[in-house]
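[1] show me the folded form of this:
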Amino acid sequence: MRHGNFSVLVGPVLTSVLALLCLVGTAAGQATQFEPVKVVDPGSVSAPASAEAKHQPQSAAVLAEWAARYKQHLFTLADPSMEGRVPGSAGIEKAAVYIEGQLKSFGLQPAFPTTKPGEAATEGAPRDSYRQWFNHGGRLIAATQVVSVAEKPDQTFVPGTDFNVVGLSSSAKATGKLVFAGYAINDADRQWTTFADDANLNGAIVMVLRFEPMNDQGKSKWSDDSGWSIAAGLESKVRRAFAAGAGGVVIVNPPGAADPRANTLETVDSLTSRRTGQGPVVMMTPEAADRLLASCGSKSNLLSLREAADAKAEVIEIGGAVTLEAKIDRQAIETANVGGMLPGKGNLADEIVVIGAHYDHLGMGLFGSMSSDGRNKLHPGADDNASGSSGNLLVAEQMAKAYAALPPGSNARSVLFMWFSAEESGLNGSRYYTRNMIAPAEKHTIMLNMDMIGSLRQGRLEVTGVATAEGLKDFVTPYFDHSGMNIGRKPGGLGPSDHASFFLAKVPVLFFFTGLTKQYHSPADTADTINTLGGAQVSELVYRLGLDFATTTTQMPYAETDESRRSESPMADTSSRGGARVNPDANPSDPAAQPSGPHAAGQQDPNAAAGTTGGGSMRGVKVRFGIAPGDYSGSDPGVLVGDVYPDTSAAAAGLKAGDLITKWNNTEVKSVEDWMPLLSGHEPGDVVKITYMRDGKTMQTEAKLKGRSSAN
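    Residues are numbered from 1 along each chain as shown. Model (predicted):
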């Protein structure tokens with residue numbers, strides 16, 4: 001649903017979501033299995049007698065009430081009907097409608113002027129919308145999909161049922177005889193060569209099997225039980241076929257493969273490449289492939305051809321005249337931040353406290369999944385970040401009640417509650433807001449960010465950003481000391497969540513995080529795994545802090561020091577919070593700098609195109625360039641510059657946010673993953689030539705790389 005039709009549909013959609021809330025409330029009580037953290041009653045906290053009441057948490061009974069409310073929000077936002085809340089989906093729109101409905105019920109005012117995606121608000125325009133719309137990258141659309149056989153014009157192949165154009169394709173049409181190329185692998189070490197160096201397929205349509213030679217159990221002959229070797233990568237097969245003279249490629253899952261993806265028909269957006277395709281590429285079901293083979297005169301079915309391909313590499317001519325036609329368009333993704341304003345009072349009303357959380361997630365796992373078989377599976381995103389979004393709703397409701405109870409003549413800052421979209425693909429929603437703020441940045445006194453607060457264990461909470469404002473650490477210390485939680489405190493304002501966008505806009509920040517779990521970025525991140533009592537406990541702390549930040553007369557100016565500019569690592573020993581947000585330019589000790597992916601070294605996901613899965617390590621990288629990549633979703637080929645850190649090599653080279661790096665020392669760069677190994681190969685002092693796009697123009701610059709050991 002587009003923004004222009006919101007007022008027409010909000011009623012019925014909100015009604016259905018609220019009905020869902022009532023249903024999942026019952027399920028929540030049955031499903032929760034998380035061991036609850038011990039809630040500390042204020043009377044049991046060892047604290048100096050002079051401790052102020054505001055520094056003390058609510059009673060256990062009150063927290064239990066908060067936890068019940070928190071659970072309702074959580075189970076609603078993580079429900080399968082929300083479709084994993086990926087930007088541009090009907091599911092994230094349902095989530096936005098739910099959040100907006102809650103804000104209205106709390107009495108919060110719209111935070112934004114009404115605009116179209118990408119349209120700047122007119123100065124002085126009334127704030128009459130809870131949405132801040134923006135365009136985020138784009139999705140691929142298969143506008144034309146054709147497979148036909150000249151000899152059998154009555155034999156039909158139906159898009160979506162028999163085949164799909166995939167994202168490895170270009171917009172092109174090709175007609176040629178059908179040939180079968182088995183697994184289309186060239187591997188000298190295994191003495192396996194499908195296409196000779198001088199091969200010329202003369203525009204043939206090449207049928208290629210997924211995976212690699214298999215045994216009788218449908219498992220790889222070349223790898224152990226953990227998966228497939230790197231030779232199974234699909235993009236390399238397709239490129240190899242085109243290099244040998246193919247006019248088009250038909251990918252087929254081999255019958256009998258012991259892999260959960262063997263029954264998956266990939267689509268234009270589930271099987272993609274960061275590189276431009278070289279011709280039409282489709283994926284076909286085994287059943288449709290058998291019909292295609294028979295239509296072209298083959299005496300062998302797909303299973304017998306697969307068995308032959310398991311034994312040796314060869315190209316088998318089938319015959320016929322097959323036509324493949326594909327046309328791929330890119331459609332902009334429209335998505336929105338959601339925000340509600342609690343108006344301030346008195347002489348502090350023009351200052352703003354921001355309390356935020358991102359509400360998007362990974363949808364069907366087409367990017368960012370940490371699960372080896374996560375693609376095309378629902379990723380509910382309960383901890384990441386229905387947990388923080390639910391906490392933000394809880395804080396907004398309680399803050400509205402507190403403001404209503406303020407006595408006449410009180411002074412209080414305005415509080416902007418925000419739910420950011422497109423965080424998973426590169427902090428895009430928060431970055432958009434900080435470049436399109438409703439008031440100057442200096443009027444934003446602090447930003448509190450809740451991301452993944454649903455896994456409180458043994459009372460352990462991490463809060464980063466305590467050095468981002470003068471006096472901030474001293475201000476929060478009594479709250480932390482009397483919280484009943486074991487709170488780790490880190491100084492830096494940078495890191496892999498939305499608070500980083502505000503810190504770069506010179507706004508002090510605090511980031512609340514309860515640590516990684518094994519469910520992170522996987523289909524297993526479901527609502528029943530969440531510690532709802534712990535989530536309420538963290539939310540209650542944020543509420544008390546937020547209320548004090550909003551009403552205090554103490555000024556805490558933004559502080560930019562070596563300490564505050566640190567990119568803080570999440571609380572984890574063995575896992576990466578990278579996912580879709582890997583930053584190869586982060587501090588080397590930061591787990592967020594480690595490329596993430598589901599596969600062990602030497603393994604390749606046969607579902608993935610080259611460059612779309614993580615691998616290797618950024619440990620040992622000696623240089624820092626100085627950018628935050630702006631988009632990890634692969635929407636545009638290149639490395640989009642999201643932000644440029646001051647006093648870095650990138651800043652000295654003149655790069656700006658919005659630039660798209662396309663070449664690094666004349667090597668084409670299609671993605672962050674392409675860039676990682678190039679960056680890791682440098683020494684401090686190296687000079688690199690950078691080609692980039694700015695405002696549609698190709699430009700070049702040079703950068704002298706600084707060492708990572710320095711503050712710069």
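
[2] where do the domain boundaries of this protein fall?
    As assigned by automatic domain parsing, the chain contains the domains 3-43+63-100+335-551, 139-330, 617-707.

[3] could I get those as CSV with mean neighbour count?
    All C-beta spots, glycine's among them, are computed from the backbone N, C-alpha and C. What follows is the domains of the chain, written out as CSV (neighbours: other Cβ atoms under 10 Å):
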stretch, mean neighbour count
domain 3-43+63-100+335-551, 22
domain 139-330, 19
domain 617-707, 18
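
[4] Glu123: which of those domains is closest?
    For Glu123, the closest of the domains of the chain is domain 3-43+63-100+335-551, at 10.9 Å, according to Cβ to Cβ.

[5] that closest one - what's its average pLDDT?
    For domain 3-43+63-100+335-551, mean pLDDT rounds to 88.

[6] which residue is the nearest non-sequential neighbour of Lys345?
    Leaving aside its sequence neighbours, Lys345 sits nearest to Ala412 (Cβ to Cβ, 6 or more residues apart in numbering; 4.5 Å).

[7] gap between the one you found and Tyr558?
    From Ala412 across to Tyr558, the span is 21 Å (Cβ to Cβ, to the nearest Å).

[8] so for this protein, the centremost residue is which one?
    Glu424 (2.4 Å; Cα atoms, centre = their mean).

[9] wait, doesn't it sit right on His358?
    Yes: judged on Cβ atoms under 8 Å, Glu424 makes contact with His358 at a distance of 7.5 Å.

[10] show me where pLDDT drops low in the stretch 551-700 of the chain?
    For the stretch 551-700 of the chain, the stretches flagged by pLDDT under 70 are 568-620, 630-636.

[11] where exactly do the strands run in it?
    All strands of the stretch 551-700 of the chain, identified by DSSP state E, counting those that start in this stretch, fall at 623-624, 627-629, 639-644, 660-664, 667-668, 687-694, 697-704.

[12] mind checking which of those is nearest Ser298?
    In terms of Cβ to Cβ, the element of the strands of the stretch 551-700 of the chain nearest to Ser298 is strand 667-668, at 38.9 Å.

[13] ok so, going back, turn the domains of the chain into JSON lines, columns for distance to Glu123.
    As requested, the domains of the chain are exported to JSON lines (distance: least, Cβ to Cβ, whole Å):
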{"stretch": "domain 3-43+63-100+335-551", "distance to Glu123": "11"}
{"stretch": "domain 139-330", "distance to Glu123": "32"}
{"stretch": "domain 617-707", "distance to Glu123": "22"}
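
[14] re earlier: wait, which of the strands of the stretch 551-700 of the chain is closest to Val238?
    Distance to Val238, taken as Cβ to Cβ, is lowest for strand 667-668 among the strands of the stretch 551-700 of the chain, at 17.6 Å.

[15] direction included, what does that closest one pair against?
    strand 660-664 (antiparallel) (DSSP bridges).

[16] got a list of contacts for the strand it pairs with?
    636-641, 655, 668-669, 675, 678, 688-694, 698 (Cβ atoms under 8 Å, 6 or more residues apart in numbering).

[17] Gly101 sits in which helix or strand?
    Element membership of Gly101 [criterion: DSSP states H and E] is helix 90-106.

[18] who are the packing partners of that helix?
    Other elements packing on helix 90-106 under the criterion 3 or more Cβ pairs under 8 Å, 6 or more residues apart in numbering; DSSP states H and E are helix 6-31, helix 60-77, strand 316-342, helix 388-404, strand 414-420.

[19] quick check: next helix or strand after it?
    Assigned by DSSP H and E, the successor of helix 90-106 is strand 109-110.

[20] quick one: mean pLDDT for that following strand?
    Computed over strand 109-110, the mean pLDDT rounds to 98.

[21] that strand: how far from the chain's middle?
    28 Å (Cα atoms, centre = their mean, to the nearest Å).

[22] what do you get for stretch 293-304?
    With Cα atoms, centre = their mean, you get 42 Å for stretch 293-304.
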